[in-house]
Structure formats: structure tokens, C-alpha cells
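In: no sequence on this one, just coordinates:
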């Protein structure tokens, strides 16, 4: 902790010196606050930036890459897709309802300020185990917060995942993603490039929200006590809905030259980044900012993170027209300043200049080169001896299907309006990814956000590559070609070299598979310091990847459920002894260790392309990524929707002499399960053999009411009705719900 | 036929209804901001789904005081077709154009799922050309959709043939399992005495194209088609 | 033991936004002519009946319970508590 002009800042001595040098003098209180917030890890990415450079960011479809509020890709015919994932971990851990709600609010603003209409939301949630009341409380209210906010603004929540692990007991992870749709010419940028343009702050009022992270020296402490301060931000989806409509209407006028939402860093961030990007400067008159609380000082106004605010840069002749639109929606706004050529952020209060900082000093802060070190636990954990194979494997299957990580998440997604917008062709639970059609055209996009922290924990490189691989597999099975992805990386304290080593390995894994498949990363978010304050326990690293793919013809769209008895089942890919981080090890045996699945980059990429080719023949009746819970659980998931089962023989699915449990539950990559009608069987097998992809017909879809697995003359048989009960009732039971719907 | 879809602050299904009426049925359909709405030249009006005024206080109650509702009331009195979908139904209830109350679902959470509806009467413009007792697969998405009224008033709804849709199972039977929100008598939609004002919780505009249906159905179409036939001389 | 009625009101902290109260005031009350309304704050109201030896104990019991069970979240909310006369 360091002090500047009586203000406590989270900067090192070196950073403070650097700031003084860049400014050419000592910063005053307001400037110190502005520098502090913009040079914080949250806004500056100062620890992660050197590593993030590795990621491939370019491609023919990329219109806007990392660095803006969200990435933009071309999906043909002048249509573009905008997307991004962010975390709202810390606010959600203390106030799950408003923390999660404002997380949705923030990601929606990121998409909106690129000029796109938000059309879909995703959530990837991590909590402690459900036997803990605290975890249940977090889970219930995070879901409620997302539900109330997303439903109200009319953006469907169509995908994501939920996992429970002790490492998230106090530091839950709330990753939220959003996809927007626009025409190419509608894309707006966060830039203030024309001197003389007017700054209009629109939306919610400014209060002391989000200033809790920074404490004051006695000199600036105001009268009310700390307890009176609102420590959390309150979500206001109704106002947000009006902001969405008003913003899109304002953009259509052509008078808006730049647009930025106010999130972390508040007005300071919006003003400095827009003028920094435009090579201009801004003058801001704080007397014009619409305040909600009394006696706010310039320091507070400049760093407030009050929700639901947008900063518009408008041509002077368009101000009337734009403000008439805001009037129509009865949104508050005020003209707070103008763009100038000073290359500085100039802040006035009562006619006095109270802060003057070069824009780029704020928007382009110095990076840190922190050390990395391979943690010793990685090698220790890899060497775990295999547990004895349980005698009753059917019982293991039941236990896994009823494990909260693998059981149906219908309790979550039934609370989300996943249909509003009339675009959702594939809905939650029907396939591995969501599919949204583009209205008026015969095309659709598929998208899925994934993370496998239990693998990342043991092997961050393959956990990273695996998250991207899984997310690509999940959209390919629906018939979509992966085009681009964004990531959201939640890790512990970056000042710990072991945490940072894991971070770097994750980026390397993501980079290598992205290069292999040739799909760019167009944006991302990093969340550090995810640690349990009490036990100082670090969360399992959680790289979330959201991939978007294009379906050029809606007839390609395929779901994962078995369609009819008699359909033949094909297993694509080989199974290895890769039990580390599997649900079988962690949930059934309570083993934290073993070797996590390895991504064979070449095989993974070519398998994906071949599966896509097969799905697009229209001869595949069901397609599913074979991953969490292994072959056993993946097959069972395919039977749930239509209450169909399967009878399969698993001989010859591995080059190794696997035990029955290993074959059933290993979570090796590059595997898929497909079904097809008997008459197409040879055609489909041919597609795979031509490309040297392992393929084997393993059995048939049945309506016998039993799942039968056979291997080396041993048999495991499970009752469908029992499996369905476990699959659908586990989570509602934990949540104390008796009245609920599948 | 000229149809208006009223946009209240917080409506969010107006574009979906517009898409279906304009692109699927090629009808002359207009989105109208609530303050600008004037009944004059419209033949029918739709109050779309969403969260008008954030559902604050009670779903639909604040929108019921919008000046637009005076014009809706006039249209209702003139016998013009008025359809309230989801939040639109809640607004019709809060405006007293329809009778009863829509309370929080029994499960206390928002519920989004496909349900089966049975058509209880064909006396409304929206059901006139659907076979009575047809089973329609249409999704719901709401938190406050539990229809409640006094027993006496429910009996009057039956006596006056004002119950339009009920939640049923796949075979058309009413059961508690097929009732997604705990509505009395499984009521999903009702009409006024004259039958021209209809409100329902499910979303027919989300079920009017096979591509959107998990069952490859398009039962929501029937409701809009009925309205169109009604105007094309089928009154 | 007697039965006591304890009333608990939970609302957002005084300086936090209350979008619901704001909408009710602005879009319902003010627009329909009730312009003298200066502020509306919404909250949750719980009327709890509890057995206790005396009023003080009843109140303490409820305070402990609403903290234990996270019936309000101290980070976001404040509560006020009123002991009504004995009812049992």
C-alpha cells in the first residue's frame, strides 16, 4: 500500500515513481485515484499482458480483435457477431444476487457499446460442494440474479455449465458471456476522434457504488460511516432494457461517433480509453454529472462504478436528435463535456481544473514482468496409483449420473428465458451447444462456453488446450464450423510465481490448439486473486472458452438425443488411460490426482473437421461430444430427452489394455458418439476411415429401458428409469425443490 | 387488416410477435410506442410479452396506467380483437379488461418450458378456426403466471365460456403434473364476456415455425391464422 | 413461554439504489398525479411469531436467526426489527 496526496493506492513504490515521471509532477488526490484504478490489475491486465501476447488474434473473419470491449467477426452477407466473456467473481461471492445480476449487466454493455443487439447469454458457474449451505446459498442466488436480469432485458440465456468443487467454497466463479448481432456497417467503436464532439453521459445516476475497494486517508473521509456505504452494486435490468433500445436507436441516426460503457474504472476508464484510442483529449465538467448521493467529491465521481451508464461521443449537430431519443425512453442524461486536442483527460469542478492526466498514460499503463515457477504439486499429483476397480460398475454409473457435476442442470436453465428473440433453435439440454438462427436467412450460429478446471488443476497446458478443444467439439456436433473464440481466465494471485506458471501454461495450450485449428482469439478477460481469504486456498484454475461457429445451412443442425430405436451407434476416437481430474476419480473415488487427458493437437483438429463433414451429410441422427463422465455418461446423456437407451460393446476402443472402469469413465479428448440409420452406416464409416480417424460401430439404440455396456465378456446393465430419476432429480433435491419441471 | 403491437417500456417480445405476423403471415403489422398509440386505424392490437416497467410492484400494474390502455379499452369496447401474451395478459388483468389475478408461480421461480394447451372455446377471434379440444404445444416463460380468482368467479368463467386455454398433459388431460405454475383449474388463458379480448401466458409467437419447436410443430400459428381468417370474412 | 410477534423489515442500504421503489414512484405515482411523493423504498416484510420467555429474548432470538440463515445480506441490506405485544 502506498499513499499519494492522502489517498491510499494499490500501487507499488515503483509504479508510483513511474506515474510521477510520466506526469512530470506529483499527482493530486483525484489524479491518484484515476491512476490507481486504471493501473489496477482489473483495468490494466498488467500481469497478464506479457503472456496474452502469444494468442493468435488474426484471421480473415476478424473485424475487431482483443483490446476493444468485445471482439467482432464476419459471418457472411454483411452480418457480424460480437462476443465476449467476463467474470464477476468477487462481487458475486459477497452478494450473489446483485453480483451475478450486475455481471450480466456489464457483459451486455460491452456488446451493446460495439453497436450490436445482444442476442444470447452464457454462464459458467463454479461453486463449492452442494452439501454446504453456503454454496447452496451462493448457487441459488447467483442463478436467480442471472435469471431476473437476463429475462427482464429480453436476452435469452442459452448455454453454459455449472460445476461444484471444494476449492470454490468461498470464492465462487461467475463467468458470464454475451453474443451480439449487428450489420457490419453498424459496428461502433470506443473512440473519440473528432475534436469538438460532445460527450453525453446517459443512463443511471452516479453514486458511490464500487468505491469500497479503495479506502480513504482521514483527510478525505466524509461524515457517514463505512457501514452506510453501499458496498455492492444493485442491478437495474429495467433501466438496462431501456438503455439497450435507446442506444441502438441513437446509433441508427449516424450522429454517434464513439460509444463506451462505464464499467470497472467508471468515467476515468471511458474517458481515457476513448480519447487515448482517438489520439484526442477530453474536457469533463463534473458539475454536470447526474449524482445520486450528496457531497460526492471529484475523486469519487471519477472512479464510481455505478451501473447502467453509457458515454456517447456525438457530433455537435446531432445532440438534439440524440437527446430526443433518450427523452423518449425517459432516460437521464447530461452533456458532461467535449472532445479536445489536448491528449489529456481534463476534469473540472466548480470551474476549477481538478485533474489533468495524459489519456494514454491511463489507457496504456505499464506492464509488469512477474516471475513464473512450475509448482511442485503438479508432479506429485500425477503419480497417483489407480484405485481398484469397483465390483459393481453399474452402481458407479448410477453414482456418476447422479453427481451434481454431471446431473441435469434443468433446475438452472428452466429459470432462464432461453427462447426470447425467436432465434433459439437448439435449446439448453438438447445438444452440446446452443444454436441461434439468423432471422430472415437460412443460416445460424452455434456457441458454447466450456471449462474443465479439474483437468487444468493437474495439467494447465492440456486444461487450456482442452477447454478450447471441448468448446469447438461442442459446436461442431451441431453442424457448425468454429470461427473464433474468446476466453475468460480465473486464477489465483499472480504475485505467486506458481499461479502465474499455470496461467502461462494455459495460454500456451490455448495458443497451440488455436494455431492448429486456425481459429483466432478475439477477446478475453482475466480475473486474478481468486483465493479464499480464510484458508488462503487458491481456486482450481478455470479457463473458460466461448467459441462461436457458423452453420451455413439450417438443414445441418443436429442435436445429441437418440432419435429412434434401431439407429446404429458409432464411436469416433480412441480412449486412453487418462483418469486424472475425471469425475470418476474426483467424485466417486475422491482422488485429486492422476494424469489429465492430453490433447493430441493434430488428431483433435482433423477429427473435428471430419465429424463436421459427417454431420453435414444430413445422415447423422444424433451427435455428441464424448467427454465428462466418459463413454458411459456421454451415452446415457444421449438417451435422456427421448427416453431411449442403448446396447453397446466396447471392445477395441483402445490400443491399451484398459480395465472396464477406465474404458467407461476415462475423459480422453478427440472422441465423439454419433448415431445413424443402418443404411447410412457404411457411408459414414467411410468418411472417417478415409481420414484415418478411429471409428467403430459399438451398438444400437434401443427402447428396452436398460443401458447395456459389454467389454471383454463382462456386462454392466443400468435401468433407464433409475438413471433418469438420478439425472433429473439430483440438483432439485439439493435445492429443496419438490415441484419442478424437467 | 392492420395490426398494432404496443411497446411499453420493458416489453421484450414485441419483435418476436412482429417477426411472426410480418414475415411468417405477411400481415400489415406496426410496432407502436405506448405513448404514441391511437386506436383509430387499427383493426386488432397485441400487447406483447416482456417486463413492462421491470415488473416492479406487480407484473403489468404500472403499464395498466399507460395512456395507451385507454385506447385499448376503446378497441375492446368496439369489439376489436385484443390479444395479451404473457406480460400482455398481466397488463389486461391489471387493467381490469380481464378478470382475476396472476400471482407468482407455485415453484417461486421463473419457468421456461414447452407445455401442452387444450383449446377450451372457439368463440374468440383467436381460436375460432381451431378445433375445440385441440392440443397445442407452446412454450411458457414467466414468473408470475398462476391464475387465481374466487371460486364463484371461476364458475362464472365456465358458465360464460370465458376459459380459452388450459394446461394439459400430452393426452389432453388436466393434471397437477401438467400445470406448470399452479394456476386454478389449470387455466392458461381467458377472454372477456364478448370473447374479443383474450389473454394467455404461453407464447404462440415462439411456436409458429417448426425450426423453433423441439417437436417440429407450429401450433402457435393456429392462433394467428385464426385471427387472419376471422378478418378475411370468417367472423 | 409466551408467543411474541416480531416484525422484521429488510431493505437495501440507505445509499444503495432501489430501482423498484424508483420505478413505482416515478412511473406510477408521479405520472398519475401523486406528485407530492418524495421517495419510495421497497423491502421485504416478515411477521414472525416466536415463543420466548420475554420480549427481549424473542427479539434476540429473531436477530440471531436472521443473521444465521442469511435472511438478509449485511453487505447489501439493512433491517429494522419491531417487537409487538405478546400474542400468546
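Out: That came through, no problem. Just so we're clear, the structure is a prediction, and the values are computed from it rather than from any experiment. Numbers count the residues shown, from 1 in each chain, chains lettered A, B, ... in the order given.
In: Who is residue B:147 paired with across the strands?
Out: On the basis of DSSP bridges, residue B:147 is bridged to residue B:102.
In: quick one, what contacts it?
Out: Contacts for residue B:147 (C-beta atoms under 8 Å, 6 or more residues apart in numbering or on different chains) come out as B:100, B:101, B:102, B:183, B:184, B:185, B:187, B:188, B:190, B:201. Quick note: C-beta positions are derived from backbone N, CA and C, even for glycine.
In: Who wins on neighbours among the residues you listed?
Out: Greatest neighbour count in the contacts of residue B:147, by other C-beta atoms under 10 Å in any protein chain shown, goes to residue B:201: 32 neighbours.
In: quick one: low-confidence ranges for chain C?
Out: Residues of chain C meeting the criterion pLDDT under 70: C:87-88.
In: which parts of it sit against chain B?
Out: C:19, C:20, C:23, C:24, C:27, C:28, C:31, C:32 (C-beta under 8 Å from any C-beta of the partner chain).
In: Let's have those in a markdown table, adding distance to residue A:642, secondary structure and neighbour count.
Out: Output for the residues of chain C next to chain B, formatted as a markdown table (distance: C-beta to C-beta, whole Å; DSSP: H, G, I helix; E, B strand; the rest coil; neighbours: other C-beta atoms under 10 Å in any protein chain shown):
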| residue | distance to residue A:642 | secondary structure | neighbour count |
| --- | --- | --- | --- |
| C:19 | 43 | helix | 21 |
| C:20 | 42 | helix | 21 |
| C:23 | 44 | helix | 24 |
| C:24 | 47 | helix | 22 |
| C:27 | 46 | helix | 23 |
| C:28 | 48 | helix | 20 |
| C:31 | 51 | helix | 15 |
| C:32 | 52 | helix | 10 |
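In: Can you report phi and psi for the residue in chain B that chain C sits nearest to?
Out: Among all residues of chain B, residue B:56 sits closest to chain C, at 4.3 Å; criterion: C-beta to the nearest C-beta. Residue B:56 adopts backbone torsions of phi -70, psi 150, taken as degrees, to the nearest 10.
In: ok, the residues of chain C next to chain B vs chain A, which is closest?
Out: Nearest to chain A among the residues of chain C next to chain B, counting by C-beta to the nearest C-beta, is residue C:19 at 4.0 Å.
In: Not counting residues beside it along the chain, what's closest to the closest one?
Out: Taking C-beta to C-beta, 6 or more residues apart in numbering or on different chains, and ignoring the residues beside it in sequence, residue C:19 has residue A:236 as its nearest neighbour in space, at 4.0 Å.
In: Does anything pack onto the host helix or strand of residue A:274? Which helices or strands?
Out: Element membership for residue A:274 (DSSP states H and E) is helix A:266-278. On a contact count with 3 or more C-beta pairs under 8 Å, 6 or more residues apart in numbering or on different chains; DSSP states H and E, helix A:266-278 meets helix A:29-38, strand A:256-261, strand A:281-285, helix A:298-303, strand A:309-314, strand A:344-349, helix A:359-363.
In: The ones you listed: which one's closest to residue A:105?
Out: Closest of these to residue A:105 is strand A:256-261, at 9.3 Å (criterion: C-beta to C-beta).
In: Give me the helices and strands touching that closest one, please.
Out: Secondary-structure packing of strand A:256-261 (3+ C-beta pairs under 8 Å, 6+ apart): helix A:96-112, helix A:237-252, helix A:266-278, strand A:309-314.
In: List just the one of these that sits closest to residue B:127.
Out: Smallest distance to residue B:127 across the helices and strands packed on strand A:256-261 (C-beta to C-beta): 31.4 Å, for helix A:237-252.
In: Work out the gap between the closest one and the centre of the chain.
Out: Mean-position distance between helix A:237-252 and its chain equals 23 Å (C-alpha atoms, centre = their mean, to the nearest Å).
In: pLDDT (mean, whole number) over it?
Out: Mean pLDDT, computed over helix A:237-252, is 97.
In: Show me what it is packed against.
Out: helix A:96-112, strand A:117-127, helix A:133-153, strand A:198-203, strand A:256-261, strand A:309-314, helix A:319-328, helix C:19-23.
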